[in-house]
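Asker: how does the following fold in three dimensions:
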Amino acid sequence: QVQLVESGGGLVQAGGSLRLSCAASGRTVSDYAMGWFRQAPGKEREFVAGISRGGSSTYYTDSVKGRFTISRDNAKNTVYLQMNSLKPEDTAVYYCAADRYYGVFVRKEVYEYDYWGQGTQVTVSS
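Answerer: Numbering: from 1, shown residues only. From the prediction side, this is the model:
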């Protein structure tokens, strides 16, 4: 199985940028579809962005389209989430997750992902 470790979170002002990293070990990220989720206090964990196993498909939740970009570097065994034009409502703990799904599509439900990192806090001040 794969182990996932997120990093890159922090405190940023509205309009700023952060790049989250998800480093994998045990297996290669190319063996999985990968997703980023987030969970704000008192709210359910929600899908943010995902990339298919082969990397041909990406998908974003509407609220981050045009601001966030998911990518993967198979050589570094790492998945990234570039977050630009951050807003206070983006404040949450961000989780990286791996999905064993072999299809070309990106799945978006929490229960569909098999492995999870511990999360990294992103706080956007107004």
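
Asker: name the nearest residue to residue 47, sequence neighbours excluded.
Answerer: Using Cβ to Cβ, 6 or more residues apart in numbering and skipping residues adjacent in sequence, the residue nearest residue 47 is residue 108, 4.2 Å away. The C-beta positions use only the backbone N, C-alpha and C, and glycine is treated the same way.

Asker: look up how far residue 57 lies from the one you found.
Answerer: Going from residue 108 to residue 57 by Cβ to Cβ, to the nearest Å gives 12 Å.

Asker: could you give the average pLDDT over stretch 15-35?
Answerer: Throughout stretch 15-35, pLDDT has a mean value of 96.

Asker: how about that stretch as CSV, C-alpha atoms only?
Answerer: Extracted in CSV, the C-alpha atoms of stretch 15-35 (Å, rounded to 0.1, in the frame of the first residue of the first chain):
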residue,chain,number,x,y,z
GLY,A,15,-5.2,36.7,-2.8
GLY,A,16,-2.0,34.9,-2.0
SER,A,17,-0.8,31.5,-3.2
LEU,A,18,0.4,28.2,-1.7
ARG,A,19,1.6,25.0,-3.2
LEU,A,20,0.7,21.8,-1.4
SER,A,21,2.8,18.7,-1.9
CYS,A,22,1.8,15.1,-1.3
ALA,A,23,4.8,12.8,-1.1
ALA,A,24,4.2,9.1,-1.6
SER,A,25,6.1,6.1,-0.4
GLY,A,26,5.7,2.4,-0.6
ARG,A,27,4.1,2.5,-4.0
THR,A,28,4.3,5.0,-6.9
VAL,A,29,1.7,7.6,-7.5
SER,A,30,1.4,6.5,-11.1
ASP,A,31,-0.4,3.4,-9.7
TYR,A,32,-3.3,5.5,-8.4
ALA,A,33,-5.7,8.2,-9.3
MET,A,34,-5.0,11.0,-6.9
GLY,A,35,-7.2,13.5,-5.2
